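**Student:** Pasting a predicted model and its sequence here:
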Amino acid sequence: MSSIRLAIVGLGKIARDQHLQAIAANDGIELVAVASRNARLDGVHCFTDIDALLASGVEIDAVSLCTPPQGRFEQARAALLAGKHVMLEKPPGATIAEVFALDRLASQQGVSLFATWHSREAAAVEPARKLLAERTVKSVHVEWKEDVRHWHPGQDWIWEPGGLGVFDPGINALSIVTRIMPESFHLTASDLSFPANRAAPIAADLEFRSASGIALTAAFDWRQTGPQTWDIRVETEEGPVVLTHGGSRLFVDGEAQIVEEDREYRNLYKHFVSLVNGGQSDTDFSPLVHVADAFMLGRRHVVETFED
């Protein structure tokens, strides 16, 4: 089977840090074009936007959207209407309605749509999911705290409506928990801290409850300095199960089980190739639904002004 001819739209930090290397490391897919307002890439066709790309006549099979979620709907819609398979960087969109509309459109067009959650591809996630299916979960606590100045320097879009603020990293934690928990859960309380000069939260404290009454809590914060914290602690009747380092390390009953290098984006593209070749889509939007619920139920507090 011939390689999937791929175009990246949005050649920013995440595309350069993760996507380019992941594409190069995978068989069955090759990068042939990019569309970016402010950047070019040697060796491939370059365009200023997706409309110019699609109108160019350059032969592509699929598009990977690495743009901010605001405005991504129109880009994805244009690609799907042109008969291209689409891969969405997380979060898949700015609203719930638009991502479900894209899912329906992809089905109508007979092409693949992949809503990616890179943290689900961390090494410890699937082993943790299988382990928890065999244990009795008592409670879950998430701490996801990082320094926004380090990870998102000068990226004003994350502070605008639809950019999600601290939920941009926090949704990674929610993508893991929704994957590993043996039952569904829903939000019961949300406290959101907004800087006086920003339109999106810099911190969030959330409370959830599962269908059987299991308590889940999460603390997200973008003001962390020093070592970053990406931990999920699950208390079970049989002992603790802890995922650290964003899901790449697993500790069971206090003993290290998995410590592995980052393969998240390589795994995403491997899965995308499989979806396209199999004529399938993968569109689990549940992490975004939880974020939307957090804004709907959120008690808002104004905190100090934030300067990047």
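**Tutor:** Noted; the coordinates are in hand. Numbering: from 1, shown residues only.
**Student:** Leaving out the residues flanking it, which one is nearest to residue 124?
**Tutor:** residue 250 (3.6 Å; C-beta to C-beta, 6 or more residues apart in numbering). Quick note: C-beta positions are derived from backbone N, CA and C, even for glycine.
**Student:** sec struct for that neighbour, please.
**Tutor:** Each residue gets one of three states, and residue 250 gets strand by DSSP: H, G, I helix; E, B strand; the rest coil.
**Student:** my read: it touches residue 129, true?
**Tutor:** No: Residue 250 is not in contact with residue 129 according to C-beta atoms under 8 Å; the separation is 10.8 Å.
**Student:** which residues are contacting stretch 293-303?
**Tutor:** 167, 186-196, 201-204, 206 (C-beta atoms under 8 Å, 6 or more residues apart in numbering).
**Student:** can you do 6 Å?
**Tutor:** 187, 190, 191, 192, 193, 194, 195, 196, 206 (C-beta atoms under 6 Å, 6 or more residues apart in numbering).
**Student:** contact partners of whatever helix or strand residue 272 lives in?
**Tutor:** Secondary structure assignment for residue 272, by DSSP states H and E: helix 264-278. Helix 264-278 has contacts (C-beta under 6 Å, 6+ apart) with 4, 18, 22-23, 25-26, 28-29, 85, 87, 112, 114, 116, 118, 121-122, 282.
**Student:** residue ranges with poor pLDDT in the protein?
**Tutor:** 1 (pLDDT under 70).
**Student:** And the helices in it?
**Tutor:** 13-14, 20-24, 50-55, 72-81, 96-109, 125-132, 148-151, 167-180, 264-278, 286-297 (DSSP state H).
**Student:** Show the buried residues in the contacts of stretch 293-303.
**Tutor:** Among the contacts of stretch 293-303, the ones that count as buried by 16 or more other C-beta atoms under 10 Å are 187, 190, 191, 192, 193, 194, 195, 206.
**Student:** Distance to residue 51 added to those residues, as CSV?
**Tutor:** Compiled in CSV, the buried ones among the contacts of stretch 293-303 are given as follows (distance: C-beta to C-beta, whole Å):
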residue, distance to residue 51
187, 38
190, 38
191, 42
192, 36
193, 39
194, 35
195, 35
206, 39
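**Student:** Most widely separated two among the residues you listed?
**Tutor:** 187 and 195 (22.6 Å; C-beta to C-beta).
**Student:** Please look at residue 182 and residue 133 and confirm they touch.
**Tutor:** Yes: counting by C-beta atoms under 6 Å, residue 182 touches residue 133, with 5.1 Å between them.
**Student:** which of those two has more neighbours?
**Tutor:** residue 182 (14 against 11; other C-beta atoms under 10 Å).
**Student:** before we move on, back to that, tell me how far the residue nearest to residue 124 lies from residue 137.
**Tutor:** Distance of residue 250 to residue 137, given as C-beta to C-beta, to the nearest Å: 15 Å.
**Student:** Likewise for residue 13?
**Tutor:** 36 Å.
**Student:** between those two, which one's more packed in?
**Tutor:** Neighbour totals were compared for residue 13 and residue 137, and residue 137 leads with 21 against 14 (other C-beta under 10 Å).
**Student:** Residue 288: how many residues sit nearby?
**Tutor:** 25.
**Student:** Ok, residue 82 next?
**Tutor:** 16.
**Student:** show me what contacts it?
**Tutor:** Taking C-beta under 6 Å, 6+ apart as the test, what residue 82 contacts is residue 54.
**Student:** and if you look at residue 179?
**Tutor:** 120, 125, 129.
**Student:** Now, of these, which are buried?
**Tutor:** 120, 125.
**Student:** now the contacts of residue 179 in JSON lines, with distance to residue 288?
**Tutor:** Shown next, in JSON lines, are these (distance: C-beta to C-beta, whole Å):
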{"residue": "120", "distance to residue 288": "13"}
{"residue": "125", "distance to residue 288": "18"}
{"residue": "129", "distance to residue 288": "20"}
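**Student:** Which residues are in contact with the most centrally placed residue in the chain?
**Tutor:** Nearest to the geometric centre of the chain sits residue 90, at 3.2 Å (C-alpha atoms, centre = their mean). By C-beta under 6 Å, 6+ apart, the residues touching residue 90 are 116, 117.
**Student:** Quick check: phi and psi at it.
**Tutor:** Note on residue 90: backbone dihedrals following degrees, to the nearest 10 are phi -80, psi 150.
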